[in-house]
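Enquirer: task: produce atomic coordinates for the following.
(one chain, ligands or ions: 1)
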Amino acid sequence: MTKVSTVTIGALALTASALAQTSIAQAQSTEHNTAEKDYRVFEKTFGATKGKRRNHTKGFCFVGEFAPVDNAILAYSNSPIFSSTSEVNGRVSHKGGKNLSPDDKFGDRGLAFEITTPDGDYHIINVNTEDFFPASKPADFIDLVRALGEGGEAVKALAAGRPELQAYLAHHKKNRDTTLRPYEGTQFNSVNAFYLVNESGDRTAIRWSMVPSGSQGIVVETNSDFLMDNMNANLTNGTVSWDMVVTIANDNDDPNNAAIRWEGEHTRITATRLTVTSTSTEADGECDAVNFDPTVLSDGFVVTDDPILEARSQIYAHGIGVRLSEKE
Ligand code: HEM
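Expert: Okay, here's the model as predicted:
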């Protein structure tokens, strides 16, 4: 999609993404009622900090570039994000609703960024540290968020009747490396699948990971708020980057079910590299007013029918409205 110019609403200058025109959310605004209710479930479980996101609440902004690495990806997609170097405006975050979530404790993380190509095409990537999702259906995920608010026993009781949730809990308990890492040493996964579309109109289902490829150690003293200083130190002494490693679906992989891992041998292409050039707080940076809606895609990408994607689009659109109105 083409980027729209920055507009001022109330006291806030909104970037193009906040006004993104062709996301699923805007195409289906009648669903907002559900998003509103679901949002309240997040608020009940995670709390609500006025003017802030209700999940992935703690975070900071960065800017950087997104540059092609392996042009093998061009056989699958004519997206301009794979053929030219683009500008990036992004945000790293802690999962959960605590604005003061400690940096020196292991937890799930998020990475979200908007890509603007030299021709003004626009694309959002929004990823987290899960290997796959705990539910294939949005309502089942909301049940989990509700249960998390009620405590461990409620989650156990819910899992008893939910094989997907059982599989998620078992896998992540067994395979999760809980070593404390900085954002720049953390791998993020798309979790949801998308289609690539090439010049001939052929569709290929993919997932991808953002794999650390630059300086990635803890290089400053750790404390409850060290992650931005750490990224800055790694930027001063080297580079901070992630490679976008694309996994091409095999015939038996389901693109519409985020709760199933794509197992076994797959073709993988290191398509691009995201390189950070600088960081800033949310107050000073440009990421706070962005709606990182993962269904806002450049040409050469199409959403799958995964219902989680639609739900994300709806709830993020609702969230940005709430957050921005609280700042006015
Ligand atoms: C039905 C499924 C999901 C729901 C209901 C949901 C809900 C939410 C909510 C309510 C927020 C805060 C939005 C705000 O207050 O403005 C959020 C943020 C976020 N979510 Fe999700 N989420 C879902 C799935 C996912 C998945 C699959 C991923 C990653 C693969 C993900 C990654 C993120 C990230 C990184 C943020 C913070 C983005 C930012 O920095 O703005 N979410 N989510």
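
Enquirer: residue in the stretch 1-150 of the chain with the shortest distance to the ligand?
Expert: The ligand sits closest to residue 110 of the stretch 1-150 of the chain, with a gap of 2.6 Å, by Cβ to the nearest ligand atom. For the C-beta atoms, the positions are set from N, CA and C on the backbone; glycine is no exception.

Enquirer: so what's that residue up against?
Expert: Contacts for residue 110 (Cβ atoms under 8 Å, 6 or more residues apart in numbering) come out as 56, 59, 91-95, 126-129, 188.

Enquirer: for the residue nearest to residue 128 when sequence neighbours are not counted, helix, strand, or coil?
Expert: Spatial nearest neighbour of residue 128, chain neighbours left out: residue 110 (4.9 Å); criterion: Cβ to Cβ, 6 or more residues apart in numbering. Three-state call for residue 110 (DSSP: H, G, I helix; E, B strand; the rest coil): strand.

Enquirer: partner residues bridging residue 110?
Expert: Beta-bridge pairing for residue 110 (DSSP bridges): residue 93, residue 128.

Enquirer: buried residues in whatever helix or strand residue 139 lives in, which are they?
Expert: If you go by DSSP states H and E, residue 139 is part of helix 138-150. Of the residues in helix 138-150, 138, 140-149 count as buried by neighbour count, 16 or more other Cβ atoms under 10 Å.

Enquirer: for those residues, which one is nearest residue 275?
Expert: residue 141 (32.7 Å; Cβ to Cβ).

Enquirer: just to revisit the earlier point, of the buried residues of helix 138-150, which ones also sit close to the ligand?
Expert: Counting by Cβ under 6 Å from any ligand atom, 138, 141 from the buried residues of helix 138-150 sit close to the ligand.

Enquirer: got a markdown table for the buried residues of helix 138-150, with pLDDT and distance to residue 214 too?
Expert: A markdown table is the format used below for the buried residues of helix 138-150 (pLDDT from 0 to 100; distance: Cβ to Cβ, whole Å):
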| residue | pLDDT | distance to residue 214 |
| --- | --- | --- |
| 138 | 97 | 35 |
| 140 | 98 | 37 |
| 141 | 98 | 33 |
| 142 | 98 | 37 |
| 143 | 98 | 39 |
| 144 | 98 | 34 |
| 145 | 98 | 34 |
| 146 | 98 | 39 |
| 147 | 98 | 38 |
| 148 | 97 | 34 |
| 149 | 97 | 37 |
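
Enquirer: closest one of the buried residues of helix 138-150 to residue 42?
Expert: Using Cβ to Cβ, these come closest to residue 42 at residue 145, 6.0 Å.

Enquirer: around the ligand, which positions in the stretch 101-250 of the chain sit nearby?
Expert: Residues of the stretch 101-250 of the chain lying near the ligand by Cβ under 6 Å from any ligand atom: 110, 112, 126-128, 133, 138, 141, 191-192.

Enquirer: can I get these in a markdown table with distance to residue 235?
Expert: Below are these laid out as a markdown table (distance: Cβ to Cβ, whole Å):
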| residue | distance to residue 235 |
| --- | --- |
| 110 | 20 |
| 112 | 19 |
| 126 | 23 |
| 127 | 21 |
| 128 | 23 |
| 133 | 32 |
| 138 | 37 |
| 141 | 35 |
| 191 | 27 |
| 192 | 30 |
